[in-house]
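>>> what's the 3D shape of this:
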Amino acid sequence: MTSLVVEQLRVLSDNFIYLAHDPASGATAAIDPALAEPVLAALAAKGWRLTHILNTHHHGDHTGGNLELIRATGAQVVGARRDAARIPGIAIEVGEGDSFLLGTAAAVVFETPGHTSGHIAFWFPDSDALFCGDTLFSLGCGRLFEGSAEQMWHSLSTLRDLPPETRVYCAHEYTLANGRFARLVERDNPALLARLDQAAAQVAAGRATVPSTIAGECAANPFLRVDHPAVARAVGLAPGADPALVLGELRRRKDVF
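Below you'll find the predicted structure:
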């Protein structure tokens, strides 16, 4: 079993870039590099060589460093086949169910549209690591810029079914902001209240609230709980309502929160 070493870089106002390093082969990937400079600085400090760039989607705060990193390191960009025209420097195109090898570490690719039409996620099962971009957040999910609530619910359902110990490396530090909304939805959920206390302590100590886990998200994230009666009732729908309808209304309310 290969276990990736994951380094977290905080950039811009609330973005995370991740470096995933395979010690067995020396291969290293930058996941969703908004900027090149912090990646190059971290690589130099660690003595790692960048071999790949993994993009979950085309937005500039996830791909802005691609071309400079290619020029500096020769790294290959891995991105969605469906969205290849919008991924700068793409060299390896992947889609649903594909396997990608980062050295000796194997990732499974999921197509997770909703936030964008070509969004993907990378799951490294042997490392219990999910890089999910802007599909799933700690206590939230991405805005529906290009996709539908039905697509987002299918995407979130796929991620929800991953092993509970899977670490969720999402691309933004949104936990407390998402939690304020989540508390309005399920104000009596003990898992949510505990998560909010934990996140507040992490922020007060200057630490990131990410990664979370699939188990933690299933217990506390209302967007993974839209098939629970309490969440449906909270948005004015009957228990047993179509989860995609509940998610769409929940996302609409979050957009104006």
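>>> What sits closest to residue 158 if chain neighbours are left out?
residue 110 (5.5 Å; CB to CB, 6 or more residues apart in numbering). Bear in mind the C-beta positions are built from the backbone N, C-alpha and C, glycine included.
>>> how many other residues sit next to the one you found?
21 (other CB atoms under 10 Å).
>>> Kindly report the same for residue 79.
Residue 79 - counted by other CB under 10 Å - has 27 other residues nearby.
>>> 849 is where my numbering starts, stick with that
Got it, first residue is 849 now, which makes that one residue 927.
>>> before we move on, what SS does the residue nearest to residue 1006 have?
Here residue 958 is strand, with the state taken from DSSP: H, G, I helix; E, B strand; the rest coil.
>>> Surely it and residue 967 touch.
No - the pair residue 958 and residue 967 does not pass the contact test of CB atoms under 8 Å, sitting 9.3 Å apart.
>>> Return every residue with contacts to both of these two.
In terms of CB atoms under 8 Å, 6 or more residues apart in numbering, residue 958 and residue 967 are both contacted by the residues residue 1003.
>>> ok, now which ones touch residue 967?
Here residue 967 is in contact with 904-905, 928, 931, 959-961, 981-983, 990, 995, 1003 (CB under 8 Å, 6+ apart).
>>> those strands in the protein, which residues are they?
Ranges of strands in the chain, per DSSP state E, are 853-859, 863-869, 876-879, 900-902, 924-928, 938-942, 947-950, 953-959, 968-972, 977-981, 984-985, 988-989, 1015-1018, 1060-1061.
>>> In JSON lines: those, plus mean pLDDT and distance to residue 1036.
JSON lines is the format used below for the strands of the chain (pLDDT from 0 to 100; distance: least, CB to CB, whole Å):
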{"stretch": "strand 853-859", "mean pLDDT": "98", "distance to residue 1036": "32"}
{"stretch": "strand 863-869", "mean pLDDT": "98", "distance to residue 1036": "31"}
{"stretch": "strand 876-879", "mean pLDDT": "98", "distance to residue 1036": "36"}
{"stretch": "strand 900-902", "mean pLDDT": "98", "distance to residue 1036": "39"}
{"stretch": "strand 924-928", "mean pLDDT": "98", "distance to residue 1036": "39"}
{"stretch": "strand 938-942", "mean pLDDT": "98", "distance to residue 1036": "42"}
{"stretch": "strand 947-950", "mean pLDDT": "96", "distance to residue 1036": "42"}
{"stretch": "strand 953-959", "mean pLDDT": "98", "distance to residue 1036": "32"}
{"stretch": "strand 968-972", "mean pLDDT": "98", "distance to residue 1036": "31"}
{"stretch": "strand 977-981", "mean pLDDT": "98", "distance to residue 1036": "28"}
{"stretch": "strand 984-985", "mean pLDDT": "98", "distance to residue 1036": "22"}
{"stretch": "strand 988-989", "mean pLDDT": "98", "distance to residue 1036": "19"}
{"stretch": "strand 1015-1018", "mean pLDDT": "98", "distance to residue 1036": "24"}
{"stretch": "strand 1060-1061", "mean pLDDT": "98", "distance to residue 1036": "21"}
